[in-house]
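**Student:** Okay, predicted coordinates and the sequence, questions at the end:
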Amino acid sequence: MKQKITLKHIARELEVSISTVSKALKNSDEISDDTKEKVQAFAKLYNYKPNNIAVSLKNKRTKNIGVVIPDIVHHFFTTVFRGIEKYANEQGYNVIICVSDESFDKEVINMEMLNNGSIDGFIMSLSAETQQKNDITHLKQVVDQGTPLVLFDRVTDELECDKVILNDQEIAYEATKKLLKEGRKRIALATTESYFNVSEKRADGYRQALNEYGMEVDNDLVLVLPYNDIQESMIEDFYDRAKVDAILSVNEIFAIQCISVAKKRGMKIPEDISFIGFTDGLLSRYSNPTLTVVAQHGVKMGEIAAKMLIDRVESEAEGSIEDTYRTEIVQATILDRESTIN
């Protein structure tokens, strides 16, 4: 095996001190240009790599961020992760990602595994089971231990930490109003179980718009679907009893499945029924017809979350601990496509 070159090797070969080598590799102004060029050329020639573990122990920072997301397949979470990684890498940080698969137990295990000194802080979105159990003991322990934590999208009001959320209620209100302006009279809401906090906020926006138009909220027009095992018969039964002319869906998957069943029943879109879904993913862009969506701007949300975490990590490392926590709100937008009358 090829021997790994160290600062000591470079210093000995160039007959300079280890301190000089270290400063030259960091491009320090304390070192002459000639020496810097020699050291950097030698290091490049022999493929020198710094010992990040030793550096992190000295600095008490790992330059690693732990990210825990509920689902790697969902387009929104992949775009948030992309934003996190983009900003973190630009700041010299690495990102370690774990997936909870909507499981409380996996979420706890992931956080215990990462919170052993291998990361500087967490960015995460709560799993379905964590919200269902309403148990955030593991999160409180992380915060109590002094590990910075940023929650995004699926958050909890019971924990004091930095958060990044969407203007869920406001944008659901705007989306419902769009359907009402089309002249729709029986607008349905395709949603998840109520313990998903983002779904509840979107439901609030839906109800707010109906109330403003003097329309009663009809519980028969609310289609509650499981997040992990949707049977087509559930949507068929709903169409049979509800007689809807528009559907606002809290995610694109529910919307695409509802469109598929509507087409099988011979319904014309958007003439007979309109659809709006949350998330501007590939399903929405390439469905037939293409889906009008609420774009959640996941990349932007990820960049904001990464900045909030890194700012806190570095301020604490400098001894300037910030006692107040912030909640940043990303403004969603509606993208008109073929599933609505534009």
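**Tutor:** That came through fine. Numbering: from 1, shown residues only.

**Student:** drop to CA atoms for contacts and neighbour counts, all remaining ones
**Tutor:** OK.

**Student:** How about L223: what's its closest non-neighbour residue?
**Tutor:** A190 (4.7 Å; Cα to Cα, 6 or more residues apart in numbering).

**Student:** hey, C-alpha coordinates of the helix or strand containing the one you found in PDB?
**Tutor:** Using DSSP states H and E, A190 sits in strand 187-191. Provided in PDB are the C-alpha atoms of strand 187-191 (Å, rounded to 0.1, in the frame of the first residue of the first chain):
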ATOM      1  CA  ILE A 187     -63.900  21.500  -4.400                       C
ATOM      2  CA  ALA A 188     -62.500  18.500  -2.600                       C
ATOM      3  CA  LEU A 189     -59.300  18.300  -0.500                       C
ATOM      4  CA  ALA A 190     -57.100  15.200  -0.900                       C
ATOM      5  CA  THR A 191     -55.100  15.100   2.300                       C
END
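
**Student:** as a whole number, average confidence for it?
**Tutor:** The pLDDT scores in strand 187-191 average 97.

**Student:** Wasn't L151 part of a strand?
**Tutor:** Yes. Assigned with DSSP: H, G, I helix; E, B strand; the rest coil, L151 falls within a strand.

**Student:** Give me the pLDDT for it.
**Tutor:** Value for L151, per-residue pLDDT: 98.

**Student:** Repeat that for A54.
**Tutor:** For A54, pLDDT reads 46.

**Student:** The chain should start at 893 in everything you say after this.
**Tutor:** Taking 893 as the first residue, the last one we looked at is A946.

**Student:** can I see the domain layout of this structure?
**Tutor:** 899-942, 950-1058+1190-1222, 1060-1188 (automatic domain parsing).

**Student:** list the contacts for the residue nearest to L1115?
**Tutor:** V1114, L1115, V1116, L1117, I1139, L1140, S1141, V1142, F1146, A1147 (Cα atoms under 8 Å, 6 or more residues apart in numbering).

**Student:** quick one: which of the residues you listed sit in helices?
**Tutor:** Assigned to helices by DSSP state H, the following of the contacts of A1082 qualify: F1146, A1147.

**Student:** can you give me the mean pLDDT across the helix or strand harbouring R1177?
**Tutor:** Assigned by DSSP H and E, R1177 falls within helix 1174-1178. Across helix 1174-1178, the average pLDDT comes to 95.

**Student:** Helices of the protein, start to end?
**Tutor:** Using DSSP H, helices in the chain cover 899-906, 910-917, 925-937, 944-951, 967-982, 996-1006, 1020-1025, 1029-1036, 1060-1073, 1089-1104, 1124-1134, 1144-1156, 1174-1178, 1190-1209.

**Student:** where in this protein is pLDDT low?
**Tutor:** Low-confidence segments of the chain, defined by pLDDT under 70, are located at 893-896, 941-952, 1209-1215.

**Student:** do you know how far the most centrally placed residue in it is from I1057?
**Tutor:** Nearest residue to the geometric centre of the chain (Cα atoms, centre = their mean): V972, 3.8 Å. Separation of V972 from I1057 (Cα to Cα, to the nearest Å): 12 Å.

**Student:** Need the overlap of contacts for those two.
**Tutor:** M1193.

**Student:** What's the local residue count around L917?
**Tutor:** 17 (other Cα atoms under 10 Å).

**Student:** Compute the distance between it and Y985, please.
**Tutor:** 18 Å.

**Student:** sorry, back to before: can you convert the contacts of A1082 into JSON lines and add a column each for distance to E907?
**Tutor:** What follows is those, written out as JSON lines (distance: Cα to Cα, whole Å):
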{"residue": "V1114", "distance to E907": "76"}
{"residue": "L1115", "distance to E907": "75"}
{"residue": "V1116", "distance to E907": "73"}
{"residue": "L1117", "distance to E907": "70"}
{"residue": "I1139", "distance to E907": "74"}
{"residue": "L1140", "distance to E907": "71"}
{"residue": "S1141", "distance to E907": "68"}
{"residue": "V1142", "distance to E907": "66"}
{"residue": "F1146", "distance to E907": "67"}
{"residue": "A1147", "distance to E907": "68"}
